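S.K.: what follows is a predicted protein model with its sequence.
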Amino acid sequence: QLIVVFPFEKTWYKQRNLDVQYFGHPLIDLYKKQTSQKAKTFSLVVSLFPGSRKQEIKYHVPLLLKVIRSILKTNPSVQFIVCLAPSVGEDEIKQLTQLNNVKIKPGCSWDVFNASSAAIVASGTATLECAISKTPFVVIYKTSLFNWLVANFILSVPFVSIVNILAKKLVVKEFLQYQALPEKIAKQTLKLLQRPEKTAEELSSVVNNLGGGHAYEQAAEYIGNY
């Protein structure tokens, strides 16, 4: 018996004659429980999610520093919030904290997303959280040359972001490795700030495939009745 958290997993396993159930994704419940879900004001606030692993911080912080400076050249009014993962210390992102327009927010990512009108997010679970909160965003990811070559050799997926994989098309722009150029990322982020509601609508269609909530309860009931 198998219980999965993504709809495409159910299809994949069923094609291989496995008994599989899908009750939605648990992040839907976490979003409803852990946030006030305030209506977005679409102010000029960009949240930054550099990741939670040391290697991600190593490569993403210098990149984000350049992105911030590029955005501020075009629009000095933009404010930034860095969401600090529990595994990351403030000293590891001190390059960002030295800028006047940047604030650090440890803890709840949902609150940061709700306070933002756009986001720059390292590929990972945070991209799905971002989509659930209806926050327009771009995906970034950089790693060592060796890891990048290995990943390209092993993986055969058209996208790295789970949001695009779920949508089966490019809903959010991905800036990966050599394509992760500060000017391009800044340009796309500023574009999202101009029309955030348009991207928010596209994200809604993706989130609708993740169920209406109560995934844990439904899974528990299924297991209890089996």
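M.R.: Ah, there it is. Residues are numbered from 1 along each chain as shown.

S.K.: which residues touch Leu22?
M.R.: Actually, residue 22 is Tyr rather than Leu. Contact analysis of Tyr22 by Cβ atoms under 8 Å, 6 or more residues apart in numbering lists Ile3, Val4, Val5, Phe6, Pro7, Glu9, Lys10, Gly211. The C-beta positions use only the backbone N, C-alpha and C, and glycine is treated the same way.

S.K.: hmm, 7 Å instead?
M.R.: For Tyr22, the contacting residues are Val4, Pro7, Lys10, by Cβ atoms under 7 Å, 6 or more residues apart in numbering.

S.K.: just want the most central residue of the chain.
M.R.: Nearest to the geometric centre of the chain sits Thr127, at 1.5 Å (Cα atoms, centre = their mean).

S.K.: helices or strands next to the helix or strand encompassing it in the packing?
M.R.: Thr127 is located in helix 125-132, with elements delineated by DSSP states H and E. If contacts are counted by 3 or more Cβ pairs under 7 Å, 6 or more residues apart in numbering; DSSP states H and E, helix 125-132 sits against helix 26-34, helix 109-114, strand 118-122, helix 162-167, helix 196-207.

S.K.: Throw the ones you listed into a markdown table and include distance to Gln55, thanks.
M.R.: Output for these, formatted as a markdown table (distance: least, Cβ to Cβ, whole Å):
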| stretch | distance to Gln55 |
| --- | --- |
| helix 26-34 | 24 |
| helix 109-114 | 20 |
| strand 118-122 | 11 |
| helix 162-167 | 20 |
| helix 196-207 | 28 |
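
S.K.: lowest-confidence stretch among these?
M.R.: Among the helices and strands packed on helix 125-132, helix 196-207 carries the lowest mean pLDDT, at a mean of 78.

S.K.: contact partners of whatever helix or strand comes next after it?
M.R.: Sequence-wise, the next helix or strand downstream of helix 196-207 (DSSP H and E) is helix 215-225. Under the criterion Cβ under 7 Å, 6+ apart, residues Ile3, Gln21, Phe23, Gly24, His25, Pro26, Ile28, Asp29 lie in contact with helix 215-225.

S.K.: any chance of these in CSV, plus distance to Asp91?
M.R.: Output for these, formatted as CSV (distance: Cβ to Cβ, whole Å):
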residue, distance to Asp91
Ile3, 40
Gln21, 45
Phe23, 41
Gly24, 39
His25, 34
Pro26, 33
Ile28, 35
Asp29, 34
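
S.K.: so which of those residues is surrounded by the most neighbours?
M.R.: Neighbour tally across these (other Cβ atoms under 10 Å): the maximum, 23 neighbours, falls on His25.

S.K.: enumerate every residue touching it.
M.R.: Shown in contact with His25 (Cβ under 7 Å, 6+ apart): Val5, Phe6, Leu210, Gly211, Ala215.
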